[in-house]
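Student: This is the structure alone, sequence omitted:
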């Protein structure tokens, strides 16, 4: 039996697990990481509707062995209903901000997982998508992407 450490990213900061959990099998490790995500997301929902959460698992030697990620994205599909405007940004701006954040997350995951060197074409395409999304966002909203 080995001890595993479950580091949590809540969309804003990382909490490093110092206690760890003893697991008999690797399936317990992955199950525990995945089971943690809904509770993390539920606790963070008041801070915004579009977030990315992850749990990264380290072994006793400190090496990251596993990651479970939950991307939470919500959006209004209409500008208004029953004569009332939807709260928040205009639909196009909100969609571009979500897209920009998702592209950044994908590129970060590729780099963290060590795949960027093996997937240069995909990372290049993601970079072009990121630049184009940010350009459209700036033109549409007059502001920089978040």
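Tutor: That came in fine, so what should we check first? On a predicted model such as this, the values are computed, not experimentally measured, just so you know.
Student: residue boundaries of the strands in the protein?
Tutor: When assigned using DSSP state E, the strands of the chain occupy the ranges 2-9, 14-15, 21-23, 51-58, 64-72, 80-81, 84-85.
Student: packing partners for the fourth one?
Tutor: Using 3 or more C-beta pairs under 8 Å, 6 or more residues apart in numbering; DSSP states H and E as the contact criterion, the elements in contact with strand 51-58 are strand 2-9, helix 26-44, strand 64-72. Quick note: C-beta positions are derived from backbone N, CA and C, even for glycine.
Student: cool, and the longest one?
Tutor: Counting contacts by 3+ C-beta pairs under 8 Å, 6+ apart, the secondary-structure elements packed against strand 64-72 are helix 26-44, strand 51-58, helix 91-112.
Student: quick one: strands adjacent to it?
Tutor: With DSSP bridges as the test, strand 64-72 is paired with strand 51-58 (antiparallel).
Student: ok, residue 36 - contacts?
Tutor: With contact set as C-beta atoms under 8 Å, 6 or more residues apart in numbering, residue 36 has these partners: 6, 8, 55, 68.
Student: Show the buried residues in those.
Tutor: The neighbour count (16 or more other C-beta atoms under 10 Å) marks 6, 8, 55, 68 as buried among these.
Student: what residues are up against the last one?
Tutor: Spelled out, that is residue 68. 30, 33, 34, 36, 37, 54, 55.
Student: Check the spatially most central residue of the chain and give its pLDDT.
Tutor: In the chain, the residue lying closest to the centroid (C-alpha atoms, centre = their mean) is residue 52, at 2.5 Å. Note for residue 52: predicted pLDDT of 81.
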